[in-house]
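> Dropping the sequence and predicted coords here.
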Amino acid sequence: MEYLTEDEIIEINRQVITLAGEGLTGVLDSNGLNSIVEAPKQVFFGHEAYPTIWLKAAYYLQKITKKHIFADGNKRTALESAKVFLMLNDINVVFKGIEAGQMVLDVTNSPDSEQVMLKIAQYLKQHQVKN
């Protein structure tokens, strides 16, 4: 399993800000970023904290969105980070129109809960494209 690094997530943020042509780059919460990078790898008593690739991707998306790690572009960085993580592990997801943006907005306005994370994981899995 390939995981995202802090540098990779920072680069994703830089790219989404550059693509938008506006906003500030920069990490506001380096401890939060470190937590987001390390948590998907955690194992407790022989059991992974996030046992599926979909939950790991959902974790990246939910936590980057909710923790407001960056000066700008957190929601876009969250979505792209989840997509890049899946691509690193040979899974591609495709979204049509503005549906993914609406999903990320829904996450932003939802509680930071396991139930929401499960919904994100299901959403991502439903948008998998077979190679």
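Done, it's in.
> what's near enough to touch the residue lying closest to I9 once chain neighbours are set aside?
Distances taken as CB to CB, 6 or more residues apart in numbering put S81 closest to I9, at 5.5 Å, once the chain neighbours are dropped. Yep, even glycine has a C-beta here, placed from its N, CA and C like the rest. Residues in contact with S81, defined by CB atoms under 8 Å, 6 or more residues apart in numbering, are L4, I9, I12, Y60, L61, I64.
> Tell me the one among those nearest to H127.
Using CB to CB, L61 comes nearest to H127 of the contacts of S81, at 12.2 Å.
> In a helix, that closest one, correct?
Yes - counting by DSSP: H, G, I helix; E, B strand; the rest coil, L61 is found in a helix.
> tell me the contacts of it?
L61 sits in contact with A78, L79, S81, A82, V104, V107, I120, L124, where contact means CB under 8 Å, 6+ apart.
> switch the cut-off to 10 Å
75, 77-83, 85, 100, 103-104, 107, 117, 120-121, 123-124 (CB atoms under 10 Å, 6 or more residues apart in numbering).
> coming back round to it: report the buried members of the contacts of S81.
Taking 16 or more other CB atoms under 10 Å as the criterion, what is buried in the contacts of S81 is L4, I9, I12, Y60, L61, I64.
> can I get those residues in a markdown table with pLDDT and distance to L28?
What follows is those, written out as a markdown table (pLDDT from 0 to 100; distance: CB to CB, whole Å):
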| residue | pLDDT | distance to L28 |
| --- | --- | --- |
| L4 | 98 | 18 |
| I9 | 98 | 13 |
| I12 | 98 | 15 |
| Y60 | 98 | 17 |
| L61 | 97 | 18 |
| I64 | 97 | 12 |
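> could I get those as JSON lines with distance to I91?
Output for the buried ones among the contacts of S81, formatted as JSON lines (distance: CB to CB, whole Å):
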{"residue": "L4", "distance to I91": "14"}
{"residue": "I9", "distance to I91": "18"}
{"residue": "I12", "distance to I91": "17"}
{"residue": "Y60", "distance to I91": "13"}
{"residue": "L61", "distance to I91": "14"}
{"residue": "I64", "distance to I91": "18"}
